[in-house]
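Let's see this in three dimensions:
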Amino acid sequence: MEALSGQVDKVTYYSEETGFTVARLIAEAQDTAVTVVGPLMNPRPGEVLHLEGEWQQHAAFGRQFRVQAFKIGIPTTEKSICAYLGSGHIKGIGPEMASRIVARFGRRTLAVIDADIQQLKKVKGIGAKRLGQIEAAWSAHRDLREIMLFLQAHDLPTGHAARILRTYGDQAVAVLRSNPYRLADDIRGIGFQTADRMARQLDYDLAAPARVEAGVLHLLGAKADNGHVYSPRRALEQEAAALLGVDAALASAAIERLVVKKRLEVDAVAAPPETAVYPKALHLCEVGVARHLLRLQHEQSGLPPMDPDQALAWVQPHLGIELAAQQKAAVAAALDTQVLVITGGPGTGKTTIIKAIVALQARRRARIHLTAPTGRAAKRMAEATACRATTIHRLLEYSFQKGGFQRNADRPLVADLVIVDEASMIDIRLMRHLLEALAPGARLILVGDIDQLPSVGPGNVLRDIIASRRFAVATLTKIYRQARSSAIVRNAHRINAGEMPRWANDAAGNDFFFIARDAPEKALDTIVHLVAERMPQRFGLDPVRDIQVLSPMHRGVVGAANLNRALQMRLNPAAPELPRGTHTLRINDKVMQVRNNYDKDVYNGDIGTISRIDGASAAVGVDFDGRAVDYDAGELDEIVLAYAISVHKSQGSEFPAVVVPVLTQHYILLQRNLLYTAVTRGRRLVVLVGTRKALALAVKNASPRRRFTALEKRLRHPASAAAGQ
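Now for the predicted structure:
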């Protein structure tokens, strides 16, 4: 990185959320104005900054210095002190008064104000009233500088500093000195590792209760990110001891304190003979899901009874279909079952069954809601059934302003029947909210494929419900004639059965291809060529809109991050752009939302295209299926390039064509359910690029990582569903 020092001349843009700033700086070396951009924490005109970063050439705004790190300096010349005081941020001092003060005290001005501000009375025009204004403003400014210098001294990311200042105000230094681990609790985006680094610099006691508690919470949070609802207690204590460098007994004591503080729950039901340690919120979710499912099962529906034979005799000619035996059984079960699961792979007729159920229930004027975890899945459901379908969040009327789901036990859904598609994606938190919003007597049908990847969030809800054997399950295994003509469908089922897929790359009408490439670098080149040229030319596909690259990993030569850089360079090399950390956003780039943003009504996994870039304010506009959404500089971490995405992020979506790298460098994640999920995302075309060895490893590996959940046990043994209430 290069160094640059100078005095702030003008601030043209500042984001309170992130501290991102665009400013003009009078550089010391050249005595010329230059543009600097980055997280500068609202510098004031006249302030001296010492910056580290790099020079970049912006397509629209020319040469800029992009800041990676900075320190606030103290003006030392009379000219710089005069500009600093006269910039307007010290109430009571304007440019003219600043000139008078500096003329009186010279280069000692700031030291005089700090040590004995009463001396300003010697300056013409400063009486008691104005001195009071200056003193109050200088005191507030000095507190702010103290906080800023403290944060900088302890290497806190400058992008988080604005949130820290907003949260703690002028007490930030005192709060963080007493317990730096509050950062991990209170500030989104700052984790245990950052707080621990600050604590070590402050010589914080490594065995301090606050540190051990924070370490335990950090480990449980990381486990939840990996799908676990709880951790076995002994393993958690040992991991905490290893992470923190303390005795396991201290971790055990920290767990007990956190239970008293209602941050954790220790449960003897989940993992006997050992006890399980839950984050309190996840324990409430798991117990709540079990309790609500068992409640629904035993309630009486308000719908009038319907004879299955008569229903089937009516619905088939009505829809112009002929149902197979498995499909008829599923439709019949839906007529008198309070909780029903319908599961099956691609081509087994799940959508046809949903259409039949909806037609029959609509005939008797049932109030029906169709829903799915993601916007794309809901859209597909609506297209397939010709009925309205929404995301679960929208169905439950999530409100950012009101702080939560507005449909709940106190204000339940007005529904006789709720059908949920892509139910394998629902984690334990979302399932609890959905079940709480079901009114007494409502029926629930969960539709999904349990052989796909489990939910990104904690839990394994659909699989646990099926494994409990507590509820009716319609398992679909027959592949219907139209689906059998697709090599994609046939190979998906072969993979799921532990058999190698088959392909004939030169066969007419083929929709499943395998291209052998041993080296990751060659695979990368092949994927870029496929997406940019071969597939569009041969199949008439749009390389951005129609083709989706799915990678098992984020890192590596053929990980999603590197694939995105290569594909962006090939597909969108010269559009107006906005540098953003390690990557660059350009107009017409394909991007994905990676966090639920209820205020904007965009959700994790939504894919759009950048339609606007404002370089001056570092803001962008994204088009999501015809709907414009704006992001300011503080929100840009919510979107990432999406020419390539992870297989996990593709859940609930279908694409006209998918390209999947399958190489041994991904061996850690080469699992049958991951490959199966990737293949089933392609509607018209699937291309695998890699080695037969890696493909065989994935097909044979049918042992996905175990998730620590106890929902199945609570459903099998209803008495345990009440545990922890």
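
Packing partners of the helix or strand encompassing Val686?
Counting by DSSP states H and E, the element that carries Val686 is strand 682-690. For strand 682-690, the elements it packs on are helix 487-496, strand 512-516, helix 520-529, helix 535-539, strand 655-662, judged by 3 or more CB pairs under 8 Å, 6 or more residues apart in numbering; DSSP states H and E. From N, CA and C alone the C-beta is placed, and that goes for glycine too.

Just say which of the ones you listed is most tucked in.
Neighbour counts averaged per stretch over the helices and strands packed on strand 682-690 are highest for strand 655-662, at a mean of 25; criterion: mean count of other CB atoms under 10 Å.

partners of that strand in the sheet?
strand 547-551 (parallel), strand 682-690 (parallel) (DSSP bridges).

Now do the same for the helix or strand following the shortest one: mean pLDDT, whole number.
Following the chain from strand 547-551 toward its C-terminal end, the next helix or strand by DSSP H and E is helix 560-571. Helix 560-571 carries an average pLDDT of 95.

JSON lines for the helices and strands packed on strand 682-690, including distance to Lys478 and mean pLDDT?
Formatted as JSON lines, the helices and strands packed on strand 682-690 follow (distance: least, CB to CB, whole Å; pLDDT from 0 to 100):
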{"stretch": "helix 487-496", "distance to Lys478": "10", "mean pLDDT": "93"}
{"stretch": "strand 512-516", "distance to Lys478": "20", "mean pLDDT": "96"}
{"stretch": "helix 520-529", "distance to Lys478": "35", "mean pLDDT": "96"}
{"stretch": "helix 535-539", "distance to Lys478": "29", "mean pLDDT": "95"}
{"stretch": "strand 655-662", "distance to Lys478": "25", "mean pLDDT": "96"}
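
could you dump those to CSV with distance to Ile428?
Shown next, in CSV, are those (distance: least, CB to CB, whole Å):
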stretch, distance to Ile428
helix 487-496, 25
strand 512-516, 35
helix 520-529, 36
helix 535-539, 39
strand 655-662, 28
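
quick one, which of the ones you listed is nearest to Ser5?
Proximity to Ser5 (CB to CB) singles out helix 520-529 among the helices and strands packed on strand 682-690, at 40.9 Å.

what's the angle between that closest one and strand 682-690?
With axes from the mean of the first three to the mean of the last three CA atoms, to 10 degrees applied, the angle from helix 520-529 to strand 682-690 works out at 150 degrees.

and helix 520-529, what other elements does it pack with?
Counting by 3+ CB pairs under 8 Å, 6+ apart, helix 520-529 packs on helix 560-571, strand 655-662, strand 682-690.

Quick one: the ones you listed as TSV, columns for distance to Val473 too.
Formatted as TSV, those follow (distance: least, CB to CB, whole Å):
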stretch	distance to Val473
helix 560-571	35
strand 655-662	29
strand 682-690	27
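
ok so, going back, out of the helices and strands packed on strand 682-690, which gets nearest to Ile342?
Of all these, helix 487-496 sits nearest to Ile342, with 16.9 Å by CB to CB.

Run the chain-centre distance for that closest one.
Taking the mean of its C-alpha atoms, helix 487-496 sits 30 Å from the chain's own mean (CA atoms, centre = their mean, to the nearest Å).

Send me that helix as PDB with only the CA atoms.
Only the C-alpha atoms of helix 487-496 are listed here, as PDB (Å, rounded to 0.1, in the frame of the first residue of the first chain):
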ATOM      1  CA  ALA A 487     -30.900 -37.200 -18.800                       C
ATOM      2  CA  ILE A 488     -30.900 -34.600 -16.100                       C
ATOM      3  CA  VAL A 489     -33.700 -36.300 -14.200                       C
ATOM      4  CA  ARG A 490     -32.400 -39.800 -14.800                       C
ATOM      5  CA  ASN A 491     -28.900 -38.900 -13.700                       C
ATOM      6  CA  ALA A 492     -30.200 -37.000 -10.600                       C
ATOM      7  CA  HIS A 493     -31.900 -40.200  -9.500                       C
ATOM      8  CA  ARG A 494     -28.800 -42.300 -10.400                       C
ATOM      9  CA  ILE A 495     -26.700 -40.000  -8.200                       C
ATOM     10  CA  ASN A 496     -29.200 -40.200  -5.400                       C
END
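
what does it contact?
Here helix 487-496 makes contact (CB atoms under 8 Å, 6 or more residues apart in numbering) with 345-347, 451, 479, 483-484, 500-503, 510-512, 672, 675-676, 679-680, 682-683, 685-686, 698-699.

now the angle between strand 512-516 and the strand holding Val686, please.
On the basis of the same axes, to 10 degrees, strand 682-690 is oriented at 10 degrees to strand 512-516.

downstream neighbour of strand 682-690 in the secondary structure list?
On the C-terminal side of strand 682-690, the closest following helix or strand by DSSP H and E is helix 692-700.

Can you point out the buried residues in that next one?
Buried residues in helix 692-700, counted by 16 or more other CB atoms under 10 Å: 694-695, 697-699.

starting at the chain centroid, how far to whatever helix or strand comes next after that helix?
Sequence-wise, the next helix or strand downstream of helix 692-700 (DSSP H and E) is helix 711-716. The chain centre lies 29 Å from the centre of helix 711-716; the measure is CA atoms, centre = their mean.

Flag every buried residue along helix 711-716.
711-715.

quick one on the thing from earlier: Asp589: which of the helices and strands packed on strand 682-690 is closest?
Asp589 lies closest to helix 520-529 among the helices and strands packed on strand 682-690, at 15.5 Å (CB to CB).

ok, Ala642 touching Leu585?
No: contact criterion CB atoms under 8 Å: Ala642 and Leu585 do not qualify, at 11.3 Å.

which ones are touching the spatially closest residue to Gly621 that is not a sequence neighbour?
Distance criterion CB to CB, 6 or more residues apart in numbering; nearest residue to Gly621, sequence neighbours excluded, is Arg612 at 3.4 Å. Arg612 makes contact with 587, 620-621, 630, according to CB under 8 Å, 6+ apart.

Pull out the buried positions in the stretch of helix or strand Arg612 belongs to.
Arg612 is located in strand 607-614, with elements delineated by DSSP H and E. For strand 607-614, the neighbour count (16+ other CB under 10 Å) marks 607-611, 613-614 as buried.

and if you look at stretch 461-481?
461-468, 470-474, 476, 479.
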